[in-house]
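[1] Got a predicted structure here, sequence first:
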Amino acid sequence: MRGLIVKDLLILKNSLKTFLVVLIIYGCMIYMGTLDIFFLPPFLSMLMMVSTFNYDNYNKWDFYALTLPKGRKNIVRGKYITTLLVVAITMILVLIIGLCFLKRADYLESLQTSLYTFLGISFVIAILYPLIFKYGIEKARIAIFALIFGLVFIGWIIIKFVDFSFLNNLNNLDFLVNYINYLVLIVIFIVLFISYKISVIIFNRREL
Amino acid sequence: MENVIEIKNLEKKYDKFTLNIPNLEVTKGMITGFIGENGAGKTTTIKVILNIIKNYSGEVKVFGNSNDLSKEQAKEEIGVVLDEAFFSEILTAKDINTIMGDTFKNWDKELFYKYLTDFKLPVDKQIKTFSKGMLKKLEIITALAHHPRLLILDEPTTGLDPVARREVLDLFQEFMQDENNSIFLSTHITTDLEKIADYIVFIDNGNILFTKEINEILDNYAIFKCKKAEFEKIAKEDMVCYSIEKYDVEVLVSDKKAFKKKYDFGTLDKVSLEELMILMIKGVK
């Protein structure tokens, strides 16, 4: 599997210059105070990882990879691990940049924002990757647009028609706030684990 | 003789195509050529052998084992060249060395770099800058650099000029110097097989038409050319198939000596694998 991870990292190496420029611009914007959000570069790094599926698809890499030792499971596992690795590294870089340059640096708040960013990215990966392994990157792209549109539509329906006043009666759940970070971590783990398992099943069944 | 690949009663059904191989053997120490037109089932057969396609009936053994785990382990000892499936074109030969070093236990960096030098392939340039021939050479040396015992090659000489083709065929023959090594080679360029193959497996529309030693084919098969009127005199059992052309009839015969004794008209010509393939696919049986 190490070979598969190295392969994606070497593909990403080609986009490294562009990515570094983005990070520098980002650092400058933070320094000048025009931006203090943390989630953009990690999302960008995730999208860069998704782009490796395009390269794979163009050169029929999956077919070739299946002729190599270790089989299908490792192809899926490799993608998940590399994505998490790349996103985590980006997030650490962004945190360092942010904490160095952000004038009103708040360590705890920054860490928490990073955690929520990771949660968001995990959900996107959790939905997107099984779709890619099922339909291939081309069709999955259409599916993900449909999915986003669907989620936005459902969100709009909920906001428009659901009465949220019942939330005021949930004061007794305050104790949860103390554990929210742990909860988020557990949710991230569960969501990614389920998504990974689904992707393995899907990819095992797929005929290439 | 020991077989490195054994297929028995394989059946794989698709909507409009069925691959049906009652028996196929690739013998250790031999080069087995796999011929047939596009869509005949060559790549599907290779996918089955490599455990990429699993949903089939029948038995497929690689190095004597038929279970999934053994077949996956066997990949350490198999070198593969596929038709148009390889690493991303933005990678370099150096990158491939790094990746394969982390993939195969027996990856031989020195051998890989020696091949790169021998074939004058650049180490640091992206694959997309390679010509078709250079890319094919890179694919072949990548398949060889982990010291496989078995090479499975799908159209390995397509896109190569005659000089490069000869270089590659020499490489295959060098690989076969070790009598424990074997090659299963699918190709359209049948003249390559005439140079290096020991056995020929001929597949058409998902069915194996024959498996024969190449010498048996080239020594015994022939094309008999005669006039249409003369053709009527030939017994059906004496011909494999025939094709009625504009001015004469071409008949494929499988025992040219016996045929010559029986019929004293027309001319018997040597048959190439290509002619044999075309006649057997397009001719009337």
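    Received, thanks.
[2] how far away is B:V48 from B:G58?
    9 Å (Cβ to Cβ, to the nearest Å). Using the backbone N, CA and C atoms, a C-beta is placed for each residue, glycine as well.
[3] meant to ask about B:G41
    B:G41 sits 13 Å away from B:G58, going by Cβ to Cβ.
[4] So which of these two has more stuff around it?
    Higher neighbour count among B:G41 and B:G58: B:G41, with 23 against 17, using other Cβ atoms under 10 Å in any protein chain shown.
[5] Let me know whether the more buried one touches B:I203 as I believe.
    Yes - B:G41 lies in contact with B:I203 (Cβ atoms under 8 Å); the separation is 5.3 Å.
[6] shared neighbours of those two, which are they?
    By Cβ atoms under 8 Å, 6 or more residues apart in numbering or on different chains, B:G41 and B:I203 have no common neighbours.
[7] circling back: need the overlap of contacts for B:V48 and B:G58.
    What both B:V48 and B:G58 touch, as defined by Cβ under 8 Å, 6+ apart, is the set B:7, B:10.
[8] just the helices in chain A please.
    A:2-13, A:16-32, A:40-58, A:61-65, A:71-101, A:107-161, A:180-205 (DSSP state H).
[9] Please name every helix or strand in contact with the third one.
    Contacts defined by 3 or more Cβ pairs under 8 Å, 6 or more residues apart in numbering or on different chains; DSSP states H and E place helix A:40-58 against helix A:2-13, helix A:16-32, helix A:71-101, helix A:107-161.
[10] Tell me which residues are up against that helix.
    Contacts for helix A:40-58 (Cβ under 8 Å, 6+ apart): A:8, A:11-12, A:15, A:19, A:22-23, A:26, A:61-62, A:79, A:82-83, A:86-87, A:89-91, A:93-94, A:114, A:117-118, A:120-121, A:124-125, A:128, A:132, A:136-138, B:88-90.
[11] try 7 Å this time
    A:8, A:11-12, A:15, A:19, A:22-23, A:26, A:62, A:82-83, A:86-87, A:90-91, A:94, A:117, A:121, A:124-125, A:128, A:132, A:136-138, B:88, B:90 (Cβ atoms under 7 Å, 6 or more residues apart in numbering or on different chains).
[12] Could you figure out how far that helix is turned away from helix A:16-32?
    170 degrees (axes from the mean of the first three to the mean of the last three Cα atoms, to 10 degrees).
[13] Export helix A:40-58 to PDB, keeping only CA atoms.
    Extracted C-alpha coordinates of helix A:40-58, given in PDB (Å, rounded to 0.1, in the frame of the first residue of the first chain):
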ATOM      1  CA  LEU A  40     -10.100  27.000   2.600                       C
ATOM      2  CA  PRO A  41      -6.600  25.400   2.100                       C
ATOM      3  CA  PRO A  42      -7.500  22.100   3.700                       C
ATOM      4  CA  PHE A  43     -10.600  21.900   1.400                       C
ATOM      5  CA  LEU A  44      -8.300  22.800  -1.500                       C
ATOM      6  CA  SER A  45      -5.900  20.000  -0.600                       C
ATOM      7  CA  MET A  46      -8.800  17.600  -0.500                       C
ATOM      8  CA  LEU A  47      -9.900  18.700  -4.000                       C
ATOM      9  CA  MET A  48      -6.300  18.200  -5.100                       C
ATOM     10  CA  MET A  49      -6.500  14.600  -3.900                       C
ATOM     11  CA  VAL A  50      -9.800  14.200  -5.700                       C
ATOM     12  CA  SER A  51      -7.900  15.300  -8.800                       C
ATOM     13  CA  THR A  52      -5.600  12.300  -8.500                       C
ATOM     14  CA  PHE A  53      -8.700  10.200  -9.400                       C
ATOM     15  CA  ASN A  54      -8.700  12.100 -12.800                       C
ATOM     16  CA  TYR A  55      -5.100  11.200 -13.500                       C
ATOM     17  CA  ASP A  56      -5.900   7.600 -12.500                       C
ATOM     18  CA  ASN A  57      -8.900   7.500 -14.800                       C
ATOM     19  CA  TYR A  58      -7.100   9.000 -17.700                       C
END
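[14] Show me which residues of chain A sit near chain B.
    Taking Cβ under 7 Å from any Cβ of the partner chain as the test, the list of chain A residues beside chain B reads A:2-3, A:6-7, A:10-11, A:14, A:55-56, A:59-61, A:63-64, A:66-69, A:71, A:207-208.
[15] Kindly recompute the last result at 6 Å.
    Contacts of chain A with chain B, taken as Cβ under 6 Å from any Cβ of the partner chain, map to A:2-3, A:6-7, A:10-11, A:14, A:55, A:59-60, A:63-64, A:66-69, A:71, A:208.
[16] Pull out the buried members of those.
    The neighbour-count criterion (16 or more other Cβ atoms under 10 Å in any protein chain shown) marks A:3, A:6-7, A:10-11, A:55, A:59, A:63-64, A:66-69, A:71 among these as buried.
[17] and these as TSV, adding distance to B:T103?
    Below are those laid out as TSV (distance: Cβ to Cβ, whole Å):
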residue	distance to B:T103
A:G3	3
A:V6	9
A:K7	9
A:L10	13
A:I11	15
A:Y55	17
A:N59	16
A:F63	15
A:Y64	11
A:L66	12
A:T67	11
A:L68	5
A:P69	7
A:G71	12
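[18] nearest to B:K262, of these?
    Of all these, A:T67 has the smallest distance to B:K262: 49.0 Å, by Cβ to Cβ.
[19] Which residue comes closest to the closest one once chain neighbours are left out?
    Distance criterion Cβ to Cβ, 6 or more residues apart in numbering or on different chains; nearest residue to A:T67, sequence neighbours excluded, is B:V80 at 4.0 Å.
[20] burial count for that neighbour?
    B:V80, neighbours per other Cβ under 10 Å, totals 25.
[21] is it in a bridge, and if so with what?
    B:I152 (DSSP bridges).
[22] Hmm, A:A65 and it touching each other?
    No - the criterion here is Cβ atoms under 6 Å, and B:V80 misses it with A:A65 at 10.7 Å.
[23] Sketch out the low-pLDDT regions of the chain for me.
    In the absence of a named chain, chain A is used. Filtered on pLDDT under 70, chain A yields the residue ranges A:33-38, A:102-106, A:164-178.
[24] Spatially central residue for it, please.
    A:I121 (3.0 Å; Cα atoms, centre = their mean).
[25] list the contacts for that residue?
    Listed by Cβ atoms under 6 Å, 6 or more residues apart in numbering or on different chains, the contact partners of A:I121 are A:46, A:87.
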